[in-house]
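> Please find the sequence and the predicted model below.
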Amino acid sequence: MRKFRTWATGVLMCLGIGVLVAGLGAQSFQGGLRGVVKDPQGVIPGATVTLVNDQNGVSRETVTNGVGEYSFPAIEPATYTVRAAVQGFKTFERKGVRIGTQEFIALDIQLEVGGLEETITVTGESPLIDTTNASTGDVLDTKSLESIPTPGRSVFLMANLQPTVQTSGNAHWNRMQDQVGNSAVSMGGGPVRANQFLVDGFPVTDLQNRASTNPTIEAIQDMKVQVHTYDAEMGRTGGGVMNMTAKSGVNDFHGSAYTVFRPEKYVSQLLIPKLQGQPNVPEYWRNGGGGGGGPIFKNKTFFWFAGEKYVDNQPQQAAFLDDRRTGGQLRRRHAQRPAGRRQGSAHRRAVSQQSDSGQPAQSGRSRDRQVVPDGRHTGG
């Protein structure tokens, strides 16, 4: 009986893992390319179609079927060159075919009669449009992510470039351990906690529908923002979907770095402390990072790394209070209260730590809480 229970438990665990893996595989960040190879007389079966990644040189090849159709599924987001060749026709070539995250492009190829050594290169045509599904949205490519300024360098807030997307979070909270405000984005009129976040097709949405991880822009190749009528594979939420693709290395070594800081001498004092005549405690804030990568084996294996760091000493409200003056005010207010109401009561007050120079403590330092019994209060 015990062996049967152990066997049954193992089977159930295997089934659970299989269901989980199948669910993860349903969501993808890859795109696709398909179309028909034809000439003025009709379709051309048996044509060889080659797809070459312009950045890393990786190529894929397929042959058209009996009705002239070809298909390249599961394509990594990048820019490609498409070639088509068959005996008795000129070789077709089109460069700069951009396939973004979860984009499925249809490209029909028209061949002309001639020799294989002759090549027809197509340039200057209008960009291809994804007409294979009814999903509404757009892809932000590497150039857009690198060149367009964004508050706090947050990749989530870049979604604000799309129609019907409105950010309501505070870009200041652009850090790994706090995504409450950074991923607060309303998409298509939906609530800010009704979105789905994915990195390389893997969901990074927590139980409160926030992004559980905050990838640096230096690590993102492009991002697709889907607002309405997205495919069934992107279900789960009633808002929108942000599907991000992580960068990978190419055949050339390259990298980037940045730094952002706020000079303290230009930070003005907050209104309330200024009205109270308190000293100015400016915020110390620094943010920097970068990324880089290249080939391990050209046209085969690549690497990319990225990271960032921030330092933030933000003054808290209690740091602006003069403890001695506030304590005196509390004592005077307590002394004016009726004696019957003071019995058994206790005041709790936060005492800001003071440094040796008398400056208030900043964010990240602990503050003591003291309980003063009622009988020990005296008039101020």
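Cool, the structure landed.
> Quick one: the helices in the stretch 201-350 of the chain, in order.
Under the criterion DSSP state H, counting those that start in this stretch, the stretch 201-350 of the chain contains helices at 271-275, 323-336, 339-342.
> actually the stretch 51-200 of the chain, not the one I typed
Going by DSSP H, counting those that start in this stretch, the stretch 51-200 of the chain shows helices at 142-147.
> So which residues of it form strands?
Using DSSP state E, counting those that start in this stretch, the strands of the stretch 51-200 of the chain run over residues 59-63, 69-75, 78-85, 91-99, 104-106, 109-110, 119-122, 136-140, 165-167, 185-187, 196-199.
> Neighbouring strands of the fifth one in the sheet, and parallel or not?
When pairs are called by DSSP bridges, strand 104-106 turns out to pair with strand 31-39 (parallel).
> Check the model's average confidence along the partner strand for me.
Across strand 31-39, the average pLDDT comes to 93.
> and what of stretch 74-87?
Throughout stretch 74-87, pLDDT has a mean value of 93.
> Could you work out the end-to-end span of that stretch for me?
With C-alpha to C-alpha, to the nearest Å as the measure, stretch 74-87 spans 28 Å from end to end.
> Give me the buried positions along it.
75-78, 80-86 (16 or more other C-beta atoms under 10 Å). Quick note: C-beta positions are derived from backbone N, CA and C, even for glycine.
> try stretch 196-215
Neighbour count says stretch 196-215 has 196-201, 203-205, 209-211, 214-215 buried, by 16+ other C-beta under 10 Å.
> one step back: among the helices of the stretch 201-350 of the chain, which gets the worst mean confidence?
When I compare the helices of the stretch 201-350 of the chain, helix 339-342 is least confident, with a mean of 43.
> so residue 291 makes contact with residue 218?
Yes. Residue 291 is within contact range of residue 218, at 3.6 Å (criterion: C-beta atoms under 8 Å).
> More neighbours: which of these two?
residue 218 (23 against 20; other C-beta atoms under 10 Å).
> If I look at the more buried one, what pLDDT would I see?
91.
> For residue 266, which of the strands of the stretch 51-200 of the chain is the nearest?
strand 165-167 (25.7 Å; C-beta to C-beta).
> Show me what the closest one is packed against.
Packing partners of strand 165-167 (3 or more C-beta pairs under 8 Å, 6 or more residues apart in numbering; DSSP states H and E): strand 185-187.
> List the buried residues for stretch 86-93?
86, 89-93.
> Pick out the most distant pair among the residues you listed.
86 and 93 (13.5 Å).
> returning to what we had before: between the buried residues of stretch 196-215, which is nearest residue 146?
Closest to residue 146, out of all of the buried residues of stretch 196-215 and judged by C-beta to C-beta, is residue 215, at 14.3 Å.
> my guess is residue 160 meets residue 169, correct?
No. Here residue 160 does not reach residue 169: they are 10.4 Å apart, not a contact under C-beta under 8 Å.
> Look up the residues that both of these two are in contact with.
Jointly contacting residue 160 and residue 169 under the rule C-beta atoms under 8 Å, 6 or more residues apart in numbering are residue 185.
> who has more neighbours, the two?
Using other C-beta under 10 Å as the criterion, residue 160 and residue 169 rank with residue 169 on top: 21 against 16.
> Could you tell me which residues touch both of residue 291 and residue 218?
By C-beta under 8 Å, 6+ apart, the residues touching both residue 291 and residue 218 are 247, 256, 306-307.
> In strands, which of those residues appear?
Judged by DSSP state E, strands contain the following of these: 256, 306-307.
> Please indicate which of those residues are buried?
residue 306.
> where does this structure have its least confident helix or strand?
The weakest-scoring helix or strand in the chain, judged by mean pLDDT, DSSP states H and E, is strand 346-351 (a mean of 34).
> where does this structure have low pLDDT?
1-27, 123-136, 170-181, 229, 231, 235, 314-380 (pLDDT under 70).
> the domain parsing of it - what is it?
31-122, 136-246, 254-314, 318-376 (automatic domain parsing).
> doesn't residue 152 make contact with residue 217?
No. Counting by C-beta under 8 Å, residue 152 is not a contact partner of residue 217; they are 10.3 Å apart.
> Which stretches in the stretch 201-350 of the chain count as strands?
Under DSSP E, counting those that start in this stretch, the stretch 201-350 of the chain gives strands at 202-203, 220-228, 241-246, 254-261, 284-297, 301-313, 346-351.
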